[in-house]
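1. Turn this into a model:
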Amino acid sequence: MKSRLDYIIDGCRRGDNDARRELYEEYAALMYGVICRYVHDRAAAQDLLHDGFITLYTKIGEFRGEGSFEGWCRRIFVNTALGYLRRNNPLEGADTEERLAKTGSAEASVIEKMGADDILKAIDRLPPGYRTILNLYAVDGYSHREIGQMLGVSENTSRSQYSRARGRLAEILTRNR
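-> This is a model prediction of the structure:
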């Protein structure tokens, strides 16, 4: 038996505007949240939400029902946000020198003592490049190889930027305690 979502997807494949509206109403808030994790300019995020839905409507015929539809959508919106960031140099503003101090255990203890809202606010304060890589790796679960391919950087650059992002996040959280 088909679910409500299956009927909406079928309608979108046929170009039914009512189905497209239903799909938008179902996923817009969630996908806007995904975009906002990467792009802090609210006007740009709204534009990217629109662009992401156009891509989703165009590519919905490619969804084969393997895995969750939400996960498939999320990938489209992450890629939409990354396209915007690529055009705006996401690694700009990231530290270029290597950190000499090891902060791994300090980072963990600081983060363990904080609430989720505090951590999310701290992530929002990271430079765009750090925030992007932290979201891609820690939140969205991409590998450093995949992140490198998405952003046009090496796998090692992704790893080092992730490490720096964690260090900067720990600094922000420590200052805000």
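2. Is Ala170 in a helix, a strand, or coil?
-> Secondary structure assignment for Ala170 (DSSP: H, G, I helix; E, B strand; the rest coil): helix.
3. Which residue comes closest to Met31 once chain neighbours are left out?
-> Residue nearest to Met31 in three dimensions, not counting chain neighbours: Phe77, with 4.5 Å by Cβ to Cβ, 6 or more residues apart in numbering. C-beta coordinates here come from the backbone N, C-alpha and C atoms, glycine included.
4. The one you found sits in which helix or strand?
-> Using DSSP states H and E, Phe77 sits within helix 69-87.
5. Extract the C-alpha set from that helix and format it as PDB.
-> Extracted C-alpha coordinates of helix 69-87, given in PDB (Å, rounded to 0.1, in the frame of the first residue of the first chain):
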ATOM      1  CA  PHE A  69      13.300  10.300   0.700                       C
ATOM      2  CA  GLU A  70      14.300  12.800   3.400                       C
ATOM      3  CA  GLY A  71      18.000  11.700   3.100                       C
ATOM      4  CA  TRP A  72      17.800  12.000  -0.700                       C
ATOM      5  CA  CYS A  73      16.300  15.600  -0.300                       C
ATOM      6  CA  ARG A  74      18.900  16.500   2.300                       C
ATOM      7  CA  ARG A  75      21.700  15.700  -0.100                       C
ATOM      8  CA  ILE A  76      20.200  18.000  -2.800                       C
ATOM      9  CA  PHE A  77      20.000  20.800  -0.300                       C
ATOM     10  CA  VAL A  78      23.500  20.300   1.100                       C
ATOM     11  CA  ASN A  79      24.800  20.300  -2.500                       C
ATOM     12  CA  THR A  80      22.900  23.500  -3.200                       C
ATOM     13  CA  ALA A  81      24.400  25.200  -0.200                       C
ATOM     14  CA  LEU A  82      27.900  23.900  -1.100                       C
ATOM     15  CA  GLY A  83      27.500  25.300  -4.600                       C
ATOM     16  CA  TYR A  84      26.800  28.700  -3.100                       C
ATOM     17  CA  LEU A  85      29.800  28.400  -0.800                       C
ATOM     18  CA  ARG A  86      32.100  27.300  -3.600                       C
ATOM     19  CA  ARG A  87      31.200  30.400  -5.500                       C
END
